[in-house]
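[1] turn this into a structure:
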Amino acid sequence: MLIQLASITNKPLKRVLEHIVYLLLIFVLIPVFVYFELCIVLPAVEKDNSKHVINLCIAFFLLLNIVGNMLYGMLTDSSIQGKMLDSQQTSDWTLCAVCECLRPPRAWHCNICNICILKRDHHCTFLTSCVGYYNYRYFILLTLHIFIAMVYAFYYNLKFLATFISWNHGLAIIRFIFPLANFVVDASYESLYIFIVVINFIVALFTGFLSYYHFSNVFKGQTTPERKHNESKYNKGWRRNLIEVFGVRWHLTWILPFIQSPLPGNGIQWHDEDKYK
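    Okay, the predicted model is just below:
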């Protein structure tokens with residue numbers, strides 16, 4: 001579906017489809033997955049009441065961070081709209097023909113959002129908005145917490161499947177390789193569980209790659225377009241780079257999306273060394 005969205009040239013239609021994907025994630029896929037893990041898998045594999053409570057607390061922590069970072073990432077505006085684009089140095093600024101204004105370094109126009117985004121990294125379908133200077137933190141922590149949740153769930157899912165899946169001369173492997181076909185042929189709860197676990201594994205791989213890729217960019221002080229062009233002139237060292245994305249309380253932001261962590265700059269000026277002091 002994401003490939004189909006990328007190929008759509010009708011901007012209003014693409015925005016509508018993105019919002020549909022977002023609503024499906026919030027109100028359908030996440031609740032279904034949470035129900036499966038907490039109401040089916042966990043009671044079946046964890047009989048100890050104390051461990052059961054601990055697992056519920058961990059699940060609540062991860063869910064709060066996933067949903068919270070999704071909402072904050074969507075609602076936090078990184079565009080130039082309403083910003084005072086004033087700087088003493090405008091020699092490296094560029095002209096946006098669509099917005100009809102000068103834009104600061106690292107700001108680029110998004111054809112889907114139809115506005116320039118400060119320190120634009122990419123347009124995210126899952127957030128239905130661009131990832132830029134002010135919401136990059138939430139995007140990265142969203143992918144990180146999803147990855148942790150998927151790995152955590154996958155461990156218990158394997159234990160759960162082991163209670164009723166038999167090897168059957170290698171047939172079990174075929175059922176995992178072709179989960180959708182298996183579900184069509186054998187429309188049972190067992191086939192549905194296998195399908196969900198395979199999706200769990202795919203999402204873990206995808207978000208794991210995204211987390212590694214974007215954390216690598218953060219440590220190098222790069223955005224995705226800058227990495228493609230091998231630009232590193234904004235690299236201030238790993239600690240300053242972390243602060244530039246996660247704010248002055250960067251070591252606490254992973255705990256909850258609600259924790260305030262002011263950024264040192266404004267996404268407009270990029271040569272002010274005093275902002276890190």
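[2] and Y138, what does it touch?
    69-70, 72-73, 76, 127, 257 (CB atoms under 8 Å, 6 or more residues apart in numbering). Where C-beta positions appear, they are placed from N, C-alpha and C, glycine not excepted.
[3] give the helix, strand or coil label for it.
    Of the three states, Y138 takes helix according to DSSP: H, G, I helix; E, B strand; the rest coil.
[4] what sits closest to it if chain neighbours are left out?
    Leaving aside its sequence neighbours, Y138 sits nearest to G73 (CB to CB, 6 or more residues apart in numbering; 3.6 Å).
[5] wouldn't that neighbour be in contact with L127 here?
    Yes. Using CB atoms under 8 Å, G73 is in contact with L127, at 4.5 Å.
[6] residue boundaries of the helices in the stretch 51-200 of the chain?
    Using DSSP state H, counting those that start in this stretch, the helices of the stretch 51-200 of the chain run over residues 136-161, 171-177, 179-185, 189-220.
[7] which of the ones you listed sits most buried?
    Stretch with highest mean neighbour count among the helices of the stretch 51-200 of the chain: helix 136-161 (a mean of 21; mean count of other CB atoms under 10 Å).
[8] got the angle for that helix vs helix 189-220?
    In terms of direction (axes from the mean of the first three to the mean of the last three CA atoms, to 10 degrees), helix 136-161 departs from helix 189-220 by 150 degrees.
[9] from the chain's centroid, how far away is helix 136-161?
    11 Å (CA atoms, centre = their mean, to the nearest Å).
[10] for stretch 72-90, same thing?
    Using CA atoms, centre = their mean, the offset of stretch 72-90 from its chain centre is 21 Å.
[11] check stretch 25-38 too.
    For stretch 25-38, the distance to the chain centre is 17 Å (CA atoms, centre = their mean).
[12] what's next to it, contact-wise?
    In contact with stretch 25-38 (CB under 8 Å, 6+ apart) are residues 56, 59, 63, 66-67, 70, 126, 153, 156-157, 193, 196, 200.
[13] between those residues, which sits nearest P12?
    F126 (19.2 Å; CB to CB).
[14] can you pick out the ones from the contacts of Y138 that are in strands?
    Among these, no member is found in strands (DSSP state E).
[15] could you dump the residues you listed into JSON lines and include pLDDT, neighbour count and distance to K51?
    Output for the contacts of Y138, formatted as JSON lines (pLDDT from 0 to 100; neighbours: other CB atoms under 10 Å; distance: CB to CB, whole Å):
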{"residue": "N69", "pLDDT": "96", "neighbour count": "26", "distance to K51": "27"}
{"residue": "M70", "pLDDT": "93", "neighbour count": "23", "distance to K51": "29"}
{"residue": "Y72", "pLDDT": "96", "neighbour count": "19", "distance to K51": "31"}
{"residue": "G73", "pLDDT": "95", "neighbour count": "25", "distance to K51": "32"}
{"residue": "T76", "pLDDT": "95", "neighbour count": "19", "distance to K51": "37"}
{"residue": "L127", "pLDDT": "88", "neighbour count": "23", "distance to K51": "34"}
{"residue": "P257", "pLDDT": "95", "neighbour count": "22", "distance to K51": "27"}
